[in-house]
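> Got a predicted model here, sequence first, then my questions.
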Amino acid sequence: METPLKQLAEIVGGEVDGDGSVIITGVAGIKEAQPGDITFLADPRYEKYLKTTRASAIIVSKRIPDAGRPLVLSGNPYVAFIRAVRHFVPERNGRPVGVDPTAVVAPSAVLGADASVGANAVVEEDVTVGDGSVIHAGAYVGKRTRIGAGCVIYPNVSIREDTVIGDNVIIHCGAVIGSDGFGYALDGDAYVKIPQVGNVVLEDDVEVGANTTIDRATTGSTVVGRGTKIDNLAMIAHNVRIGENSIVVAQVGIGGSTEIGKGVNLAGQAGVAGHIKIGDGAVVAAQAGVTKSVGPGKCVSGYPAREHSLAKKVYAALQRLPELIKKVADLSERVRRLEEKSDG
Amino acid sequence: METPLKQLAEIVGGEVDGDGSVIITGVAGIKEAQPGDITFLADPRYEKYLKTTRASAIIVSKRIPDAGRPLVLSGNPYVAFIRAVRHFVPERNGRPVGVDPTAVVAPSAVLGADASVGANAVVEEDVTVGDGSVIHAGAYVGKRTRIGAGCVIYPNVSIREDTVIGDNVIIHCGAVIGSDGFGYALDGDAYVKIPQVGNVVLEDDVEVGANTTIDRATTGSTVVGRGTKIDNLAMIAHNVRIGENSIVVAQVGIGGSTEIGKGVNLAGQAGVAGHIKIGDGAVVAAQAGVTKSVGPGKCVSGYPAREHSLAKKVYAALQRLPELIKKVADLSERVRRLEEKSDG
Amino acid sequence: METPLKQLAEIVGGEVDGDGSVIITGVAGIKEAQPGDITFLADPRYEKYLKTTRASAIIVSKRIPDAGRPLVLSGNPYVAFIRAVRHFVPERNGRPVGVDPTAVVAPSAVLGADASVGANAVVEEDVTVGDGSVIHAGAYVGKRTRIGAGCVIYPNVSIREDTVIGDNVIIHCGAVIGSDGFGYALDGDAYVKIPQVGNVVLEDDVEVGANTTIDRATTGSTVVGRGTKIDNLAMIAHNVRIGENSIVVAQVGIGGSTEIGKGVNLAGQAGVAGHIKIGDGAVVAAQAGVTKSVGPGKCVSGYPAREHSLAKKVYAALQRLPELIKKVADLSERVRRLEEKSDG
């Protein structure tokens, strides 16, 4: 699809700086772009590619004098680029149309207008699926689960009974929603299973990554707030509550009954203990081990996790520890000699 | 279901302390409970909710003078609460009845009395399934696998060939049992796959969490002992042996051929190297990195994991390290001055 | 299958040292072996079992004077043992024959000679599957995906649209290939999804473990190089590129756009940040947290990861830290006394 840059700038909501007649034919990252592509610059770490990229145009947030090619100025280059992607790359995956004859949909399930169910998917009794939602091939939806409008449930997802899912929720392949929480009572040496009779609630605009697991509550609900995005292979334990617009990166684990605020960012492989609180806007660094509650807006890292500014000093100091031990041994010897002299 | 507290106390095996005529209509956690609910107190961290809970009655282990509502005294409040849950909350998920017409069950497979197979599940040749066991929708059971009585295999579980599963085993959605162990021999630069021709044995009363993976042995068996409970997204490598009544929390990884004793507790995200032993009753703290064998009853934490009492001191000391470096620099200067004086 | 040791030595490409007439009937690990079995010794940690193993013969790399039984000498005992396993243990799992009647294969999909598709598997439009490849039960293959010859796709695997898979690739149960990369642009408080319109390329001889996830690129391709082996529950983010013959052990996470070289070894639970490079032949220790690029051939460990030789010293020194703090306090007191004397 050949699009003059001037026209594309209007589509993405930006302003051309340079030759608007350049023909753009596609989109790509700054490193992969070829002539004809438009790319973007949002992350300063990529500025070094400005000169060497083969892209025919770049979406940027401010004028760059010697960019050597036309630019599109935008208040948010990322969002503008997303619009360019949508312009050039139509929905490629498509979606099943209607209910595939091999899908097993209980007679009591209610599907909204234009909802579809893929091959060999299973939708149990009393499920409701909102308008335009797609249940892809091989996915499982348990009894009484309610799925809102505009949702995408990818292949081989498992959603257990009584889950409540809002509108425009995306659940990636292999994710498991509503598995039993991990709860036992010791009876002598043996563990007795505590029935997990709560459910999971995913509010509007939540996205759940591939093979992530979100356990149902013991009683009550495990809740993921509106707009929160969860990456792959994360573990959300029973009775966890996550606020709105938070980010949970891949392989993060959150222990039972912990409360995560709004706008929180949990980086990859971080672990958060059960029964604590992470305040609104807090940031937990990658691989951090959080054992105590974290206040709003705080940034913590390391194990056990501490205020990041302190943890950074501690880990820098740590590298000097072998040298410090030598220095103390040396000091000790010098003091011994001074003591001898002083006594002598 | 309205149940007078006195009658409920009998059902759960406890003793009323207070007004036994109060009507109980449901169960809930201490924070979520509403009037009509019974709740319980087992974890001291929840004592602070004793005064503010809206529950109509509380199961506790000992008299509480000013609880402000009737109590049920029980030697094990958790177990008593489980009984209350079972009284009020009937099995909600239900189960497939018989063999769903869309299930693919090999003619040579043998299903016990009252066993059932859900929609689009696949049961291969020469599989045996015990009385009352349930294979849910979309699950896969490979050739010659033997499943005992009273088992629940949740949707989209994959069980490879020759697995041996005892009675009353629960396997949650997306778990993979019997995938190939990760074994290669270097042949020049390239890795040659070592055939993994052993199997996996899950003894009676084992529970395996969602999306957990347990690899088959190279030769022999990977074994999970009776009553051991494994949480979500854990990785049990080939030829691992876990004893009875152990706990493996979410995202734990256990390296190949490692032996875990009885009554061991591996906390979340802990990693245990291959070819070592963790003794009976040992505890490995969350995120610990265990590189050497751990004796029976020991508790280890940190990276690399050490005796917990030492590790705690080390991590506390670590926070004082930047200050220590300053102190040593200061001492060094003071000693230099003393040396000057002493020499001068 | 009874095989005289002399004949077996020829099959595995080794040389008998001892009685070649001994009859071998099976294979097993050195600890599990029974009379009649042949085993092997490659890992020095297993030398202690040389005397106590019940095996009738052992494949070794060099003569052992007092082994007490015949040996097979081989330049690579592992590879020789693999050949012995293949001799004694025929392919046990078997494979679906042809296309199962319950599989859903789009009319536009093209299956190679002798390719097969298992029960309830789904193969979408315009997919191509090479000669002899097997799509097992319940697996999903999205539109336009190309699978080479000799591949094994295990049950309940999900492969999204436009994935490109070479020859002899093995993908274990529950793995997800081509799920959306985790990319959002902040628009005020809310995250706007960045369309992920790239794909995943798995080159020849790649193996992907159970429940591992490999995300599709934002634009361009996420690439796993020829011969690279990935264990279970690993996370390969969007736009990652891994070179040839590398090893990614279980539960490793690799951040977006990171480049991993050839012959790299990432040990279990290691985390590698996004947008960095790991050079050819580098080794990252288990649980390491890699935040900066690592040069070719380097070995790093710890958090944040450092050159392993330094990190080892640091972690050893760490254990002495509480004692060091006491020593410094003591020194400080001794210096104070000297200062008093000196001033007095």
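Okay, I see it. Here the structure is a predicted model, which is why all the values come from computation and not from measurement.
> ok, the residue lying closest to residue A:190 once chain neighbours are set aside - how many residues close by?
The shortest distance from residue A:190 to any residue other than its chain neighbours is 5.2 Å, reached at residue B:227 (C-beta to C-beta, 6 or more residues apart in numbering or on different chains). Quick note: C-beta positions are derived from backbone N, CA and C, even for glycine. By other C-beta atoms under 10 Å in any protein chain shown, 23 other residues sit near residue B:227.
> Next: residue A:330.
Residues lying near residue A:330 (other C-beta under 10 Å) number 12.
> follow-up on the earlier one: can you name the residues that contact the residue nearest to residue A:190?
A:189, A:190, A:191, B:203, B:204, B:205, B:206, B:244, B:245 (C-beta atoms under 8 Å, 6 or more residues apart in numbering or on different chains).
> Out of the helices and strands in chain A, which is least certain?
Every helix and strand in chain A was compared by mean pLDDT, DSSP states H and E; the lowest is strand A:184-187, with a mean of 81.
> Tell me if that strand is near chain B.
Yes - Strand A:184-187 comes into contact with chain B (C-beta under 8 Å from any C-beta of the partner chain), by way of A:184, A:185, A:186, A:187.
> Next, the closest residue in space to the second one that isn't next to it in sequence: secondary structure please.
Spelled out, it's residue A:185. Setting aside the residues directly before and after it, residue A:185 is nearest to residue B:78 in space (C-beta to C-beta, 6+ apart), at 3.3 Å. Using DSSP: H, G, I helix; E, B strand; the rest coil, the secondary structure recorded for residue B:78 is helix.
> correct me, but residue B:78 touches residue B:42?
Yes - under the criterion of C-beta atoms under 8 Å, residue B:78 makes contact with residue B:42 at 4.8 Å.
> For those two, indicate the residue with more neighbours.
Each of residue B:78 and residue B:42 has its neighbours counted (other C-beta under 10 Å); residue B:78 has more, 20 against 17.
> give me the number of residues near the residue lying closest to residue A:109 once chain neighbours are set aside?
The shortest distance from residue A:109 to any non-neighbouring residue, by C-beta to C-beta, 6+ apart, is to residue A:127 (4.3 Å). Around residue A:127 there are 24 other residues, counting by other C-beta under 10 Å.
> what does residue A:286 give?
25.
> ok, the closest residue to it other than its chain neighbours - contacts?
Leaving out its chain neighbours, the residue that sits closest to residue A:286 by C-beta to C-beta, 6+ apart is residue A:267, at 4.0 Å. Counting by C-beta under 8 Å, 6+ apart, residue A:267 touches A:249, A:252, A:283, A:284, A:285, A:286, A:287, A:288.
> ok, so of these, who is nearest residue C:62?
residue A:287 (42.2 Å; C-beta to C-beta).
> which residues does the closest one contact?
A:267, A:268, A:269, A:270, A:303, C:271, C:289, C:303.
> Which two of these have the greatest separation?
Greatest spacing in the contacts of residue A:287, by C-beta to C-beta: A:268 and A:303 (14.5 Å).
> Neighbour count for those two, which is higher?
residue A:268 (27 against 23).
> Can you classify that one as helix, strand or coil?
coil.
> That one touches residue A:286, doesn't it?
Yes - in this structure, residue A:268 is within contact of residue A:286 by C-beta under 8 Å, at 4.7 Å.
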